[in-house]
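Engineer: The following comprises the amino acid sequence and a computationally predicted model.
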2 protein chains.
Amino acid sequence: MAKEKKSKNKETLKNPKGTRDWFGDDVVLLKAIRRQIETVFEKYRAQELDTPVFELQEVLKGKYGEDSKLIYDLQDQGGELLSLRYDMTVPFARWLAMNPDIETSKRYAIGKVYRRDQPAISKGRMREFWQCDIDFAGETAPMFNDSEIISCVVKIFEALEWTGYTIKLNDRRILDGLFEVSGVPEDKLRTISSAVDKLDKMPWEEVKKEMVEQKGLDESVADKIQTYVTRKGGKELLAELQKDEALMNNPKAKKGVEEMELLMRYLQRWKALDKISFDLSLARGLDYYTGVIYEVVTEGSAGVKAPAPATVEDSAPPMPPVASTESASTDAPVTSNGSANGVPRRAKEKKKVSEDEDRSDDPTVGVGSVAAGGRYDNLVERFRPGANMPCVGVSFGIDRIIALTKARIAKGERFSYIKPNRTDAYIMAFGGSGFSGMFEERIDVLAALREAGLRAETFSKQKAKLQKQFQLADRAAAPVAVILGEDEQARGEVKVKQMGLPDGHPEKDGVLVKTEELVAKVQAVLARLDQ
Amino acid sequence: MAKEKKSKNKETLKNPKGTRDWFGDDVVLLKAIRRQIETVFEKYRAQELDTPVFELQEVLKGKYGEDSKLIYDLQDQGGELLSLRYDMTVPFARWLAMNPDIETSKRYAIGKVYRRDQPAISKGRMREFWQCDIDFAGETAPMFNDSEIISCVVKIFEALEWTGYTIKLNDRRILDGLFEVSGVPEDKLRTISSAVDKLDKMPWEEVKKEMVEQKGLDESVADKIQTYVTRKGGKELLAELQKDEALMNNPKAKKGVEEMELLMRYLQRWKALDKISFDLSLARGLDYYTGVIYEVVTEGSAGVKAPAPATVEDSAPPMPPVASTESASTDAPVTSNGSANGVPRRAKEKKKVSEDEDRSDDPTVGVGSVAAGGRYDNLVERFRPGANMPCVGVSFGIDRIIALTKARIAKGERFSYIKPNRTDAYIMAFGGSGFSGMFEERIDVLAALREAGLRAETFSKQKAKLQKQFQLADRAAAPVAVILGEDEQARGEVKVKQMGLPDGHPEKDGVLVKTEELVAKVQAVLARLDQ
């Protein structure tokens, strides 16, 4: 089958640009990681919400700023105008708005989202990629939900057995306040914010140049901003800000700093504070954030590096290609763009089209963030005027988490929750000339083992050579072989062989057991192996 | 929040036509059923393949006959022309064709598929619905994969704790053979086959009328067909056919009958034969079937009825609406159309448009089939000429299985694998005037319980009345309450109360434990409850 020559049709046979098939080891990883994340979500008592893959176009309209052009529209085939979801935040807000009886909600969602971006392997940009969101909605005591979401992030990475990451934390109100205090004019707030967001991959001098030369900011204002945004830390930074009279006279900044103090107090209770870096340069792109914002970055210090040529910390290209071992569609890049929680990667600002097309200086693509989110208190109200439904959430970039986990595995790291997709027992049959293949007997054994809950397999040809059968058992990674033979069958016996025993081991060639003892024997061998 | 008046915007706020949000109890069911199905798939050593939600338009083109018009196309936004997947069979064939090194494959897929059909609650037709497929590819000993797939169907329904269903079984070659033997002209084979397929909901006289009056078949030919297609049974029917000389002289029928005998022999080994009804009236719509075909129907005898007004066996409307208990989007129907395995529900034949639009006489919509499939040996070759990749598979209509399971639960049936989405422990705090709410102490307890693997929750306001807190604990279905108080806190104690204990029970009002013994005490109460 594998031998026929490639026809001309082969050329047009491919995945859509920027998409991939998930199969083999990648699916094992995907499922293991999903399960870990879901288990934490459930401990946090979030409930899953699964929304349609498409929404009415008007639902998505005006939610993503300039990035709206990346939305996939469906063809007008008569009836409603539809678009593929761009994230899972807006569908959540739409659902909340449609259900006015809901006062509070803790929901999670795991699914694929769609962005008609220019895909790029080197940048890890996919058009279809997995996202995993948790969001809490409804009025609560200040900072309680925020702190719980951030503690959930810590628990997720703990469950994923990750070390060496940092949760960069800031607050939109502090950021806006310090811009105002520094003298940034109202109409330049967002564009200056966007410049500041690039500090994680550009030196201050370059960012300043952009502010002054491209964005027309007074140099003195830029210098004042510098005194703030180059600072990061923990409680001590907070204490410094609290002593900054000018800043504390700004009502927004004051409120932000007060709540940041509360947040840190709660985070300490959640034992999450040591993962936090209060970082005044963190701005994040999306307009709709109204309070706390955060972004999870992996650290170079942990030695978590993507395969050559890029490290995760490098500005470009940030993500390694992860080819499915079994799929031929390797021309497509495979990782998400990491722009989590429906957050367009730039502020809504006027840019040249050429700059839009090449996002090489897009900060959040460069930093290797694996999760991001924040508080967005007014989004539901946009769907249901008058609604008071403050929200806070975080989105995990699953493709990127998988890619980094694969890179760690390749470097020899092991993760206790990633179990190989093992076949428990492989059924064989041997015989001399005129041998029937013992097809029906193999079915009996298969059925009996599966009935006992085991993952059993046999070859699906009538007969096969001894060598071939051992190859197949090997490929199935089966630790146990069940070997049928006509003589043994006549005596009511069957052979059970633990694979890979060393020469000289008394059971190296397997042991004969009564047919009725077969299942128990296989289970005993497996139990021994699993110890 | 729930009180503000509905604005005009509310009107346009909805799910796309024919789609729904999955939430609450429905998600619990969806996940429980998926898990059961996946566990069986894994015992059968199938591996998951997750393909993109859209494919190149040319990949889907020409695969679904007239139902191609139900395909959702994406708008041409520059670049490739794309469509949403109509089923998961064609993407599987596309993947096989792209990976010529694969000689055999056992793959499963769980995902949503898209059909721009006229949605109808009464008919259970959704535009987005869940499907769950298992397909085996590659050359094997005759009927081995077929029998294994059918045994897998039996194991799935066993895992779902279903009784009262039948697997209707036939073979395209037997069907074509008996039509030929009866004297059906070559060019009328498919249209007569389609008429026969309606026998499960129309009396023979009506089907005959359609054949003779609408389709121009000789009455004598129709009468001859009757002698075959009104027969169903098991091995004895097979024996009858084997004695039918005319039929056995038809090479197609002969081959089909021979392999049916083999299949039944294997099914007996798989202990699946008693679920089978060899039914000569089963035709199924799709052109691409080349051998064995099957369809799983629920039986009236089992008392499995959908909620009023329809029973599952009624021809219309076949499916009940299943409103999400928590979603307001109840105007959308929620069950799949049950047309499984990518099988258009009618043969490719010329019909009036009006008939196309109203599928009221569509057989497979009426029968309440919950799974269907068959052998399709030539589909991969359409993508990769020269490929020899025979396939056989089955597709489960998850929405419909969920709807029927809900109906059974409503009638008092219980399923051991469906566990409520329980909050293990609810944290409360009470105090007098000036009470702080013990917010940070509640975080400590939450964090400790979750650390121990428990699903714990508290209210997210600073304080709440006693009554309100018990209501919230009740709504969370928490069997255990952990109650904090400032006096107890000062003594290093906390109260653990098992909910719902009868009056007079010594622990009715809870028991005080040392803070450090809290986790163990909660676990002990839960363990007692779970016994």
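Structural biologist: Structure's in. What do you need? Numbering: from 1, shown residues only, chains lettered A, B, ... in the order given.
Engineer: from the stretch 101-250 of chain A, which residue is nearest to chain B?
Structural biologist: Nearest residue of the stretch 101-250 of chain A to chain B (Cβ to the nearest Cβ) works out as A:Thr140 at 3.6 Å. (C-beta placed from N, C-alpha, C; glycine too.)
Engineer: check contacts around that residue.
Structural biologist: Residues near A:Thr140 by Cβ atoms under 8 Å, 6 or more residues apart in numbering or on different chains: A:Thr104, B:Ser460, B:Lys461.
Engineer: Include secondary structure, neighbour count and pLDDT when you put these into JSON lines, please.
Structural biologist: JSON lines is the format used below for these (DSSP: H, G, I helix; E, B strand; the rest coil; neighbours: other Cβ atoms under 10 Å in any protein chain shown; pLDDT from 0 to 100):
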{"residue": "A:Thr104", "secondary structure": "coil", "neighbour count": "16", "pLDDT": "94"}
{"residue": "B:Ser460", "secondary structure": "coil", "neighbour count": "19", "pLDDT": "91"}
{"residue": "B:Lys461", "secondary structure": "coil", "neighbour count": "17", "pLDDT": "91"}
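Engineer: Among the residues you listed, which one lies nearest to B:Leu286?
Structural biologist: For the contacts of A:Thr140, the minimum distance to B:Leu286 (Cβ to Cβ) is 47.5 Å, reached by A:Thr104.
Engineer: Count residues in the vicinity of the closest residue to A:Leu199 other than its chain neighbours, would you?
Structural biologist: Once flanking residues are discounted, A:Leu199 sits nearest to A:Ser281: 4.0 Å by Cβ to Cβ, 6 or more residues apart in numbering or on different chains. Residue neighbour count, defined by other Cβ atoms under 10 Å in any protein chain shown, stands at 21 for A:Ser281.
Engineer: From A:Lys198, how far out is A:Ser281?
Structural biologist: Distance from A:Ser281 to A:Lys198, counting by Cβ to Cβ, to the nearest Å: 9 Å.
Engineer: what do those two both touch?
Structural biologist: Joint contacts of A:Ser281 and A:Lys198 (Cβ under 8 Å, 6+ apart) do not exist.
Engineer: where in the stretch 201-350 of chain A is pLDDT low?
Structural biologist: A:299-350 (pLDDT under 70).
Engineer: Name the residue of it that lies nearest to chain B.
Structural biologist: With Cβ to the nearest Cβ as the measure, A:Arg269 is the residue of the stretch 201-350 of chain A nearest to chain B, at 4.2 Å.
Engineer: doesn't B:Val445 make contact with that residue?
Structural biologist: No: under the criterion of Cβ atoms under 8 Å, A:Arg269 makes no contact with B:Val445, lying 10.1 Å away.
Engineer: So between those two, which is more surrounded?
Structural biologist: B:Val445 (23 against 19).
Engineer: Correct me if wrong: that one contacts B:Leu454.
Structural biologist: No: assessed by Cβ under 8 Å, B:Val445 is found out of contact with B:Leu454, at 10.5 Å.
Engineer: just to revisit the earlier point, could you save the contacts of A:Thr140 as TSV and add columns showing distance to B:Met260?
Structural biologist: Putting the contacts of A:Thr140 into TSV (distance: Cβ to Cβ, whole Å) gives the following:
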residue	distance to B:Met260
A:Thr104	59
B:Ser460	63
B:Lys461	67
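Engineer: for those, which one is nearest B:Glu48?
Structural biologist: Using Cβ to Cβ, the contacts of A:Thr140 come closest to B:Glu48 at A:Thr104, 34.9 Å.
Engineer: Return the residues in contact with that closest one.
Structural biologist: Applying Cβ under 8 Å, 6+ apart, the residues contacting A:Thr104 are A:Phe136, A:Ala137, A:Gly138, A:Glu139, A:Thr140, B:Ser460.
Engineer: if we go to 10 Å?
Structural biologist: Listed by Cβ atoms under 10 Å, 6 or more residues apart in numbering or on different chains, the contact set of A:Thr104 reads A:Phe136, A:Ala137, A:Gly138, A:Glu139, A:Thr140, A:Asn145, A:Met389, B:Met1, B:Phe459, B:Ser460, B:Lys461, B:Leu472.
Engineer: now swap in A:Thr458 and tell me
Structural biologist: Here A:Thr458 is in contact with A:425-429, A:438-439, A:442-443, A:445-446, A:449, A:464, A:469, A:472-473, A:476, A:482, A:484, B:45, B:144, B:148 (Cβ under 10 Å, 6+ apart).
Engineer: From the residues you listed, list the buried ones, please.
Structural biologist: A:425-429, A:438-439, A:442-443, A:445-446, A:449, A:464, A:469, A:472-473, A:476, A:482, A:484, B:45, B:144, B:148 (16 or more other Cβ atoms under 10 Å in any protein chain shown).
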